[in-house]
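S.K.: attaching a predicted model along with its sequence, questions to come.
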Amino acid sequence: MIAALEKRQPAGAVPIWELEFQGWDQASGKHVTLGNEFAALTPAEQERALHANAEIILSVCEEMHFAALSVPTNYWEVAPGAPAYYWLPEEARFRQMEVLARLAPADLMLVAGTGGVIAMPGAEHYLEFSYKLFDAPEEIDEQAQRTLEHGLEQARRVRDLGIEIAETSSDIADNHGPFFNRPQMERFILPYLRRWATGCRQMGLYTILHSDGNLTPYLEDLATSGLDALQAIDPIAGMDLVQAKQITGGRLCLCGNIDVGLMVLGTPEQIYAQTKERLLTCKAGGGLVLGVSNAVQPDVPMANYRAMIAAWQDYGQYGDGVENS
């Protein structure tokens with residue numbers, strides 16, 4: 001994973017990492033306790049659950065050949081209004097990091113979301129935020145500064161708990177292209193992204209930006225921002241991994257690009273074929289991390305996910321002197 005983040009070709013294989021892997025139960029046949037279920041436990045029960053979670057998560061990481069693991073963090077809902085399931089209370093999340101860092105093998109890197117860069121707004125704040133971009137830009141400046149400061153505080157704390165890679169999930173585009181225009185990017189996004197990446201690097205952390213959407217117009221900016229990696233390379237929004245690799249030119253590690261929609265609705269044969277194509281066209285030279293283009297949610301059939309792993313086993317290896325075809 002380190003070689004890929006440093007835009008070098010690994011000695012062994014293309015590393016595998018997921019922004020969010022939520023298939024622990026399905027993959028293991030056991031139960032990871034998160035969300036409201038976890039929050040309802042007593043402190044002693046929570047401590048036992050964190051250790052049980054770690055054992056299950058690490059066993060699945062070994063089976064799936066993960067090179068890095070994202071610690072559960074974000075708020076997810078099965079459906080609008082349904083109980084939240086994929087999150088941990090803040091202090092429990094930090095404790096989960098400690099437990100995982102102590103039990104994880106040395107070659108499994110730990111990733112934590114820290115924030116650090118503002119994103120396009122959710123539906124409930126869309127109009128208000130959009131008006132402020134033009135009518136009250138100084139308020140967006142203040143929001144961006146607060147987000148950066150909090151992100152660096154979080155990065156420092158997770159670093160001290162054993163995390164090696166900081167990640168900010170900051171959507172700056174959708175399927176139609178970038179949400180922020182060029183002046184807005186240069187005022188509200190890129191300066192803070194550079195400061196976040198620099199601050200994390202000074203702490204000894206690698207950095208990953210996750211963003212959905214079509215970022216192609218800003219790939220050059222991201223490649224020169226100081227970031228180590230970009231996650232998603234969203235095929236649903238029309239991003240092309242080959243083109244992204246050509247534009248970034250070995251200056252940015254690219255993660256993801258296996259179509260999450262296909263992962264949910266497709267067949268194992270389709271997943272295998274897409275993974276094979278991505279690996280054969282993009283693995284040379286390194287700077288590539290295999291994964292799905294967004295979260296691996298619980299409705300992803302494990303037969304589909306294991307088809308991606310099977311294609312990686314057949315076509316994701318380096319160093320054998322053969323471009324598998």
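M.R.: Nice, I can see it.

S.K.: show me where the stretch 151-300 of the chain has its strands.
M.R.: 165-169, 173-174, 177-178, 206-210, 229-232, 253-258, 288-292 (DSSP state E, counting those that start in this stretch).

S.K.: which residues are contacting the third one?
M.R.: Counting by CB atoms under 8 Å, 6 or more residues apart in numbering, the neighbours of strand 177-178 from elsewhere in the structure are 172, 185, 213, 214, 215, 216, 217, 218. From N, CA and C alone the C-beta is placed, and that goes for glycine too.

S.K.: how about the strands of the stretch 151-300 of the chain, which one is nearest residue 141?
M.R.: With CB to CB as the measure, strand 165-169 is the member of the strands of the stretch 151-300 of the chain nearest residue 141 (18.0 Å).

S.K.: who does the closest one pair up with?
M.R.: If you go by DSSP bridges, strand 165-169 pairs up with strand 109-113 (parallel), strand 206-210 (parallel).

S.K.: relative to strand 253-258, how tilted is that strand?
M.R.: 50 degrees (axes from the mean of the first three to the mean of the last three CA atoms, to 10 degrees).

S.K.: I'd like the strands paired with strand 165-169 laid out as JSON lines, including distance to residue 143.
M.R.: Converted to JSON lines, these look like this (distance: least, CB to CB, whole Å):
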{"stretch": "strand 109-113", "distance to residue 143": "18"}
{"stretch": "strand 206-210", "distance to residue 143": "18"}
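
S.K.: TSV please, covering these and showing mean neighbour count, mean pLDDT and distance to residue 312.
M.R.: Listed next are those as TSV, based on neighbours: other CB atoms under 10 Å; pLDDT from 0 to 100; distance: least, CB to CB, whole Å:
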stretch	mean neighbour count	mean pLDDT	distance to residue 312
strand 109-113	22	97	17
strand 206-210	25	98	20
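
S.K.: hang on, the earlier thing: please name whichever of the strands of the stretch 151-300 of the chain is nearest to residue 14.
M.R.: strand 288-292 (5.1 Å).

S.K.: tell me the helix or strand right after that closest one.
M.R.: helix 302-315 (DSSP states H and E).

S.K.: report the buried residues of that following helix.
M.R.: For helix 302-315, a neighbour-count test (16 or more other CB atoms under 10 Å) marks 302, 304, 305, 306, 307, 308, 309, 311, 312, 315 as buried.
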